[in-house]
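Visitor: Below is the sequence, then the predicted model.
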Amino acid sequence: MIQKRTKKNLALALVITILSISMLSAFGVDSPYWNERPLYLDKEQSADVTLTLQNMVGSADILLRAKITNGTEIARLTDQNLDYLVPAGTKDNKVNLKIEIPNSVNNNKYIVSVSFQQISQEEGGMIQIAGEVGKSFPVIIGIDPNLSPETTEIQKNAPITKEWLFILFISIILALIAIIVIIKKMTYNSDNTQ
C-alpha cells in the first residue's frame, strides 16, 4: 500500500515535470512593449524599437525568418537580412524595427505584429518551416496621459526579458510539486497513525 502511493506520487511529479518542460518554447522573442505597456507616438513622430530573440532551451542553433504580419502601415523591419541565426544559449539577438507615424493617419491605435518562423534546410536544398513565434504590441497615436516625457523615455530603455517569467514559471512548478509531496506525506502519516 505504501509503495503503491509512493509510486503514484513519483509518477504524478514526473508527469507534471514533463508537461512543464513541454510547455517551454525552444525559442522566444522579447519586446519592450506589450498590451499593458503600449508605445505612444504622436503624428509625424518615429521610434526605433528593438525586439530580442532568445534560444535558451536546447543545444541547437536556430534560424528564424522575420516578417511583419500586422501594422505594415506604420512599421518596417530595418535590418538588411531578415533571417536571424540565433545560437543556442543566447538571449540578446536584436531585431530592429522602425515605427513611423505619418501626419495622415486615421486610426488612434495600431497593432504591430512580427512573426518569426523557424526555418531549416533539408537535404537537396529544400527549405522547411519548423515552428513559429510572434510578438505584438499596440501603438497609440498621442501622448501617454499617465507619464511625463522624462519617465516615458526612461521606461522605453528599460529591458524586459523572459528570464524572469521563466524563473517564475519554474518556481511555480517546483512549489506545486512540493505541495503535492507534502500533502501525500501528511496523508501517509495520518494513515499510519490510525
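Guide: Alright, I've got the coordinates.

Visitor: Can you check which strand is longest in this structure?
Guide: Assignment by DSSP state E gives strand 127-141 as the longest strand of the chain.

Visitor: neighbouring strands for that strand, and are they parallel or not?
Guide: strand 39-41 (parallel), strand 109-121 (antiparallel) (DSSP bridges).

Visitor: Could you pull up the mean pLDDT of it?
Guide: The average pLDDT for strand 127-141 rounds to 81.

Visitor: sorry, back to before: which of the strands paired with strand 127-141 sits most buried?
Guide: Mean neighbour count, computed with mean count of other C-beta atoms under 10 Å, is highest for strand 39-41 among the strands paired with strand 127-141, reaching a mean of 20. All C-beta spots, glycine's among them, are computed from the backbone N, C-alpha and C.

Visitor: List the contacts of the helix or strand following that one.
Guide: Sequence order places strand 46-55 as the next helix or strand after strand 39-41, per DSSP states H and E. Here strand 46-55 makes contact (C-beta atoms under 8 Å, 6 or more residues apart in numbering) with 26-33, 39, 41, 61-62, 64, 78, 84, 86-101, 114, 116, 135, 156, 159, 161-162.

Visitor: what angle do the longest strand of the chain and strand 46-55 make?
Guide: Relative orientation of strand 127-141 versus strand 46-55 (axes from the mean of the first three to the mean of the last three C-alpha atoms, to 10 degrees): 140 degrees.

Visitor: ok, and for strand 127-141, which residues are buried?
Guide: Judged by neighbour count (16 or more other C-beta atoms under 10 Å), strand 127-141 contains these buried residues: 133, 135, 136, 137, 138, 139, 140, 141.

Visitor: Closest to residue 56 out of those?
Guide: Closest approach between the buried residues of strand 127-141 and residue 56, by C-beta to C-beta: residue 133, at 12.9 Å.

Visitor: Excluding chain neighbours, what is closest to the closest one?
Guide: residue 116 (5.3 Å; C-beta to C-beta, 6 or more residues apart in numbering).

Visitor: Same question for residue 94.
Guide: Here the residue nearest residue 94, using C-beta to C-beta, 6+ apart, is residue 50, at 5.2 Å.

Visitor: So what sits opposite that neighbour in the bridge?
Guide: Counting by DSSP bridges, residue 50 is bridged to residue 96.
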